[in-house]
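Undergrad: quick one: sequence and predicted model below, then my questions.
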Amino acid sequence: MFLAFSIYPLVFTLRLSFTDWHGAGAAEWVGLGNYVYLLGSPDFWSSLANSGILWLLIVPIQLVVSVIIAVMLNTSKLRMRGFYRVAFIVLFVTPLVAVAQIWIVLFDQNYGAVNAVLGAIGLPHIGWLVTSAWAKLHARPPLPLEDDGVRRDHPAVRAPVDRHEPL
């Protein structure tokens, strides 16, 4: 899987960077011509400078604001602390739930779109989400909560990481 979805596209793209190809037909080998054109283009340098400026403005500000919010959410003086924690985590969980629902619609053993296509061409239905061999392909470790690092390392908000507080 890693080879098919990571290494191959990387090598293919690198190879294409040395050609003049428009997505169809034969690719014409141009060697380093694309790179010479790119390095000589003022548009490239302008976009690179704009990206650098955006990075310098956005990344440090986001980092500082995130740490401030994490420390604030872990102070015992904050009223309705559980509500605010839930409000923040819902923003991360909602897209995951939506994607899970899409996967169920696509890969359901009896009514999924992928199995419908397989059935249409005469292949048997597969239990994508219920067969352990297929389910293990999509299993991921749980996402760690970012505020655990603040709780453990910040002296102002020392608390055991394994302590579970009620909402």
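TA: Done, it's in.

Undergrad: next one: the residue most central in space within the chain from Gly122, what distance?
TA: The residue lying closest to the centre of the chain (Cα atoms, centre = their mean) is Leu96, at 10.7 Å. From Leu96 across to Gly122, the span is 35 Å (Cβ to Cβ, to the nearest Å). No exception for glycine: its C-beta is placed from N, CA and C like everyone else's.

Undergrad: picking that back up, the residue nearest to the centre of the chain and Leu129, how far apart?
TA: Per Cβ to Cβ, Leu96 is found 15 Å from Leu129.

Undergrad: what do you get for Ala120?
TA: For Ala120 relative to Leu129 (Cβ to Cβ), the value is 20 Å.

Undergrad: out of these two, name the residue with the larger neighbour count.
TA: Neighbours were counted for Ala120 and for Leu129 using other Cβ atoms under 10 Å; Leu129 has more, 16 against 8.

Undergrad: my read is that that one contacts Tyr111, right?
TA: No. The pair Leu129 / Tyr111 is not scored as a contact, 11.8 Å apart, by Cβ atoms under 8 Å.

Undergrad: most remote residue from this structure's center?
TA: What lies farthest from the middle of the chain is Gly122; by Cα atoms, centre = their mean that is 35.1 Å.

Undergrad: that one should be in a helix, yeah?
TA: No. Under DSSP: H, G, I helix; E, B strand; the rest coil, Gly122 sits outside any helix and is assigned coil.

Undergrad: so what's the residue count around Asn74?
TA: Neighbours of Asn74 using other Cβ under 10 Å come to 19.

Undergrad: can you find the helix or strand of this structure with the lowest average pLDDT?
TA: Between all helices and strands in the chain, the lowest mean by mean pLDDT, DSSP states H and E belongs to helix 147-153, at a mean of 52.

Undergrad: thank you, goodbye.
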